[in-house]
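*Asks:* Mind folding the following:
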Amino acid sequence: MSTSPSIREVLARRIAGEIILSNKPEKTMHKWRELFAVSQATLSEKMLLSPSVISDYESGIRKNPGTRFVRKFIWEFPMPVRVEYLCKAIKGEIVTRPSFSIGEVRGYTVVDSGKAVETLSGFEYAQLFGATTERALIFTHIENGISPMMLVRMSSLKPKVAVYHGFKPDEYSIRLARYDRIPLLYTPLPSVEQLIKSLRKLYRIALHKKLGRPLRPSPKVST
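*Replies:* Residues are numbered from 1 along each chain as shown. Take a look at the predicted model:
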């Protein structure tokens with residue numbers, strides 16, 4: 001029985017979200033593989049991994065070296081946030097814009113580009129999405145000549161927008177973004193700490209808006 005791309009996408013989001021939010025991701029991964037009656041050999045072939053890697057993940061032997069780092073910066077907004085507001089919050093600019101309306105994002109993930117390109121497998125890349133792919137995938141520590149958009153291009157899971165921090169997207173990155181019709185943003189904020197601070201402020205604004213409360217300024221600390 002075949003499924004439509006939309007059904008597959010919804011299911012992929014649910015599986016990825018359940019795995020990343022689980023306290024025991026190895027058991028959750030095993031559960032979904034059993035539900036679809038897929039062998040470790042078949043799954044490893046589809047993911048371009050050896051069967052021993054899948055076995056190690058499900059037994060808990062193999063740990064993602066970047067899991068703690070990635071999970072730390074996965075956030076879901078309390079309500080959808082328009083991309084224009086995201087862009088304003090991080091003092092960004094839209095480098096490439098599809099012909100259609102960009103719309104809203106429901107969360108964001110900040111990930112070290114160098115670590116992602118060097119270490120993430122297809123399964124580990126899926127963990128970047130949290131509960132939904134309707135999010136901004138924000139790449140930091142981008143090195144010249146290594147485009148993190150290659151990860152996006154090779155995966156069936158696509159973010160709503162991609163963001164480059166501190167590195168102006170080159171023509172290759174722009175071309176890859178256009179292939180997948182993904183808006184590509186650039187933010188020149190001077191540090192990752194300031195980037196995270198701006199994103200969390202946007203989160204607070206969304207939370208207070210959802211609760212119908214005015215956003216109060218943070219209290220000043222006397223020195």
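*Asks:* use CA for all of it now, contacts and neighbours both
*Replies:* Will do.
*Asks:* Strands along the protein, start to end?
*Replies:* Ranges of strands in the chain, per DSSP state E, are 74-82, 93-96, 104-112, 136-140, 161-165, 184-187.
*Asks:* Run through the neighbouring helices and strands of the longest helix along the chain.
*Replies:* When the chain is parsed with DSSP state H, its longest helix is helix 192-211. Contacts defined by 3 or more CA pairs under 8 Å, 6 or more residues apart in numbering; DSSP states H and E place helix 192-211 against strand 74-82, helix 83-89.
*Asks:* Compile the ones you listed into a markdown table and extend it with columns for distance to residue 172.
*Replies:* Supplementary listing: those in a markdown table, determined by distance: least, CA to CA, whole Å:
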| stretch | distance to residue 172 |
| --- | --- |
| strand 74-82 | 27 |
| helix 83-89 | 22 |
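*Asks:* now the ones you listed in a markdown table, with mean neighbour count, mean pLDDT and distance to residue 54?
*Replies:* Compiled in a markdown table, the helices and strands packed on helix 192-211 are given as follows (neighbours: other CA atoms under 10 Å; pLDDT from 0 to 100; distance: least, CA to CA, whole Å):
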| stretch | mean neighbour count | mean pLDDT | distance to residue 54 |
| --- | --- | --- | --- |
| strand 74-82 | 17 | 88 | 24 |
| helix 83-89 | 17 | 94 | 36 |
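*Asks:* Out of the ones you listed, the one nearest residue 50 is which?
*Replies:* strand 74-82 (28.1 Å; CA to CA).
*Asks:* Residue 143: neighbour count?
*Replies:* 11 (other CA atoms under 10 Å).
*Asks:* Not counting its neighbours along the chain, what's nearest it?
*Replies:* residue 114 (7.0 Å; CA to CA, 6 or more residues apart in numbering).
*Asks:* Residue 211 is nearest to which of the strands of the chain?
*Replies:* strand 74-82 (9.4 Å).
*Asks:* and the closest one, how far from the chain's centre?
*Replies:* 12 Å (CA atoms, centre = their mean, to the nearest Å).
*Asks:* neighbouring contacts of that strand?
*Replies:* With CA atoms under 8 Å, 6 or more residues apart in numbering as the test, strand 74-82 has contacts from 103-110, 128-131, 203, 206-207, 210.
*Asks:* Make a PyMOL selection of whichever of those residues turn out to be buried.
*Replies:* In PyMOL, a selection of the buried entries from the contacts of strand 74-82 looks like this (16 or more other CA atoms under 10 Å):
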select buried, resi 104+105+106+107+108+109+110+128+129+130+131+203+206+207
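*Asks:* Name the nearest of the contacts of strand 74-82 relative to residue 145.
*Replies:* Nearest to residue 145 among those, counting by CA to CA, is residue 110 at 20.1 Å.
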